[in-house]
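>>> attaching a predicted model along with its sequence, questions to come.
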Amino acid sequence: MAPSPSMDSKSWDVISFAVDKGHGVKGLADLGLETLPKQYVQPPEEQITNSTVVTDDSIPVIDLSNWTDPKVAEQICHAAEKWGFFQIVNHGIPIEVLEDVKEATRRFFDLPAEQKNKHSKDNSPTNNVRYGTSFTPKAEKALEWKDFLSLFYASDDEAAAQWPSACRNEALDFMKKSEFAIRRLMEALMKGLNVKEIDGTKESLLMGSKRINLNYYPKCPEPELTVGVGRHSDVSTLTILLQDDIGGLYVKKLDSDSWVHVPPINGAIVINVGDALQILSNGRYKSIEHRVIANGIKNRISVPIFVNPRPSDAIGPLPEVLEGGEKPIYKKVLYSDYVKHFFRKAHDGKETVDFAKI
Ligand SMILES: CC(C)(COP(=O)(O)OP(=O)(O)OC[C@H]1O[C@@H](n2cnc3c(N)ncnc32)[C@H](O)[C@@H]1OP(=O)(O)O)[C@@H](O)C(=O)NCCC(=O)NCCSC(=O)/C=C/c1ccc(O)c(O)c1
Ligand SMILES: O=C(O)CCC(=O)C(=O)O
Ligand SMILES: [Fe+2]
């Protein structure tokens with residue numbers, strides 16, 4: 001039966017429509033549903049209205065105009081230790097590049113479902129391009145109100161051949177134009193760990209592979225009952241996140257049960273430490289839980305670049321970090337095993353990193 005706005009989700013197959021046929025939550029939103037389908041209702045403890053949100057504190061905003069100032073490196077390391085999250089301004093990525101990739105994201109998600117679904121796990125000719133909805137629908141008890149296109153970068157030629165033309169050039173440009181900032185951030189962070197030089201081995205561990213996701217969070221009926229993205233930490237070394245001006249990303253404060261909002265700042269980029277860097281730094285830099293609320297009034301987009309080790313790298317605490325006799329708290333794990341473990345289960349806060357705990 002074709003769905004209509006007044007229908008309740010018992011009388012038609014929401015999963016078949018949104019997940020299997022590729023309409024996504026954008027398809028559900030476009031129907032003008034008045035109630036949230038039950039498949040999206042999160043347990044009360046995951047609904048963000050039931051958490052403590054504090055407004056008297058916020059993640060640092062770091063001005064990168066003067067890269068060479070040692071104080072800037074100190075601010076970066078301090079933010080990575082105490083918050084695991086910060087925003088950067090004057091980072092050198094041109095504003096047009098940011099605007100263009102946001103526009104390209106809207107263009108991709110505005111395509112008809114049949115076109116987007118050519119890139120689904122079942123239909124895509126390559127594993128490097130994946131259109132989907134929620135996070136891992138098969139493993140989730142309740143779905144998340146988000147559609148995504150995930151693009152793993154293998155080479156320019158591969159991207160030219162496989163990435164969807166609606167967003168390919170803009171996504172690639174954002175990845176390339178952020179390289180300088182990523183390297184400077186890594187250099188600062190390595191200085192804080194007593195790593196003098198990023199040689200070939202470190203280069204691979206810190207930034208050997210990249211994935212860019214285009215996230216689309218359409219307007220949602222009864223948004224307080226669901227989430228855009230559930231509590232999780234990223235599996236990357238660093239994530240470079242572009243968000244639009246809607247807001248809705250919340251970050252957990254270290255050693256507390258409170259959450260703080262990440263306010264959109266025009267032209268700024270959000271940076272967060274991922275699990276791989278937490279492991280490499282033996283827990284010095286923190287990969288912090290975060291989540292995104294659903295919005296009842298507006299559509300929202302975000303574009304994270306996940307900077308990662310290579311899948312074939314073994315990750316564990318760096319020798320420089322353990323030099324002074326510090327005890328390793330993580331063992332060496334193959335990065336592709338770590339990522340598979342992450343993708344196999346629903347978002348579950350900080351549980352993934354236990355996979356690497358000694
Ligand atoms: C990721 C792996 C290990 C998967 O390999 P493979 O064994 O071929 O598994 P697969 O059959 O393609 O996928 C396994 C499951 O993971 C899920 N999955 C795979 N890729 C993705 C993706 N990009 N987005 C969401 N789920 C995915 C699927 O749901 C699969 O489950 P199912 O559909 O079979 O039930 C492989 O592709 C690889 O080595 N890739 C290179 C390294 C890499 O990409 N690392 C990830 C870096 S960080 C990163 O990608 C972060 C993503 C993310 C997304 C949404 C969030 O909300 C979020 O917080 C984070
Ligand atoms: O949309 C956002 O602001 C964050 C998304 C996110 O956490 C992710 O894709 O890993
Ligand atoms: Fe994330």
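Sure, I can see it. Ligands and ions are numbered 1, 2, ... in the order given.
>>> wouldn't T49 be in contact with P223 here?
No: judged on CB atoms under 8 Å, T49 makes no contact with P223 at a distance of 9.6 Å. Just so you know, the C-beta spots here come from the backbone N, C-alpha and C atoms, and that holds for glycine as well.
>>> and the residue most central in space within the chain, how far from P317?
In the chain, the residue lying closest to the centroid (CA atoms, centre = their mean) is P304, at 5.0 Å. For P304, the distance to P317 (CB to CB, to the nearest Å) stands at 25 Å.
>>> gap between the residue nearest to the centre of the chain and K210?
Distance from P304 to K210, by CB to CB: 11 Å.
>>> before we move on, what about D257?
33 Å.
>>> repeat that for D348.
When D348 is compared with K210 (using CB to CB), they lie 25 Å apart.
>>> look at those two and report which has more neighbours.
K210 (19 against 13; other CB atoms under 10 Å).
>>> any idea which element the more buried one lies in?
Secondary structure from DSSP states H and E places K210 in strand 209-217.
>>> okay, now T52: neighbour count?
9.
>>> now the residue in the stretch 51-200 of the chain positioned nearest to ligand 1, what's its secondary structure?
For the stretch 51-200 of the chain, the nearest residue to ligand 1 under the criterion CB to the nearest ligand atom is S150, separated by 3.4 Å. S150 carries the three-state label strand when classified by DSSP: H, G, I helix; E, B strand; the rest coil.
>>> thinking again about what came up before, which elements pack onto the strand holding K210?
Using 3 or more CB pairs under 8 Å, 6 or more residues apart in numbering; DSSP states H and E, the elements in contact with strand 209-217 are helix 24-30, helix 95-109, strand 147-152, helix 168-177, strand 300-308.
>>> strands paired with the shortest one, and their directions?
When pairs are called by DSSP bridges, strand 147-152 turns out to pair with strand 129-133 (antiparallel), strand 209-217 (antiparallel).
>>> so the last one, near ligand 1 or not?
Yes: using CB under 6 Å from any ligand atom as the criterion, contacts between strand 209-217 and ligand 1 involve S209, R211, N213.
>>> mind checking which of the strands paired with strand 147-152 is nearest ligand 2?
Nearest of the strands paired with strand 147-152 to ligand 2, taken as CB to the nearest ligand atom: strand 209-217 at 5.0 Å.
>>> and R211, how far is that from V101?
R211 is 14 Å from V101, by CB to CB.
>>> which of the two has more residues huddled nearby?
Higher neighbour count among R211 and V101: V101, with 25 against 20, using other CB under 10 Å.
>>> give the buried residues for stretch 189-207.
L189, M190, G192, L193, V195, I198, K202, S204, L205, L206, M207 (16 or more other CB atoms under 10 Å).
>>> gap between the two ends of that stretch?
13 Å (CA to CA, to the nearest Å).
>>> any part of that stretch near ligand 1?
No: for a cut-off given as CB under 6 Å from any ligand atom, stretch 189-207 has no contacts with ligand 1; the smallest distance is 11.7 Å.
>>> quick one: average pLDDT of that stretch?
Computed over stretch 189-207, the mean pLDDT rounds to 96.
>>> please apply the same query to stretch 268-284.
97.
>>> secondary structure class for Y285?
Going by three-state DSSP: Y285 is coil.
>>> returning to that earlier point: quick one: which of T49 and P223 has more around it?
Higher neighbour count among T49 and P223: P223, with 22 against 10, using other CB under 10 Å.
>>> give me the number of residues near the closest residue to that one other than its chain neighbours?
Nearest non-adjacent residue to P223, counting by CB to CB, 6 or more residues apart in numbering: A294, 3.8 Å away. By the criterion of other CB under 10 Å, A294 has 28 neighbours.
>>> isn't A294 right up against V227?
Yes: using CB under 8 Å, A294 is in contact with V227, at 6.3 Å.
>>> what's the burial count for the nearest residue in space to K26 that is not next to it in sequence?
Excluding the flanking residues, the one nearest K26 by CB to CB, 6+ apart is P218, at 4.7 Å. Per other CB under 10 Å, the neighbour tally for P218 reads 22.
>>> can you report phi and psi for P218?
Dihedral pair for P218: phi -70, psi 160, per degrees, to the nearest 10.
>>> give me the pLDDT for it.
98.
>>> which residues touch it?
Listed by CB atoms under 8 Å, 6 or more residues apart in numbering, the contact partners of P218 are V25, K26, L28, A29, D30, W145, D147, N299.
>>> OK, contacts around L185?
I76, I88, L238, I271.
>>> next, the angle from the helix or strand hosting it to strand 209-217.
Using DSSP H and E, L185 sits in helix 179-191. Using axes from the mean of the first three to the mean of the last three CA atoms, to 10 degrees, the inter-axis angle of helix 179-191 relative to strand 209-217 is 110 degrees.
>>> contact residues of the stretch 151-300 of the chain facing ligand 1?
F152, S209, R211, N213, V229, H232, D234, V235, S236.
>>> what's the closest non-adjacent residue to the last one?
By the measure of CB to CB, 6+ apart, the closest residue to S236 outside its immediate chain neighbours is G274, 3.4 Å from it.
>>> do the same with the fifth one
In space, not counting the residues next to it along the chain, V229 is nearest to V292; the distance is 4.2 Å by CB to CB, 6+ apart.
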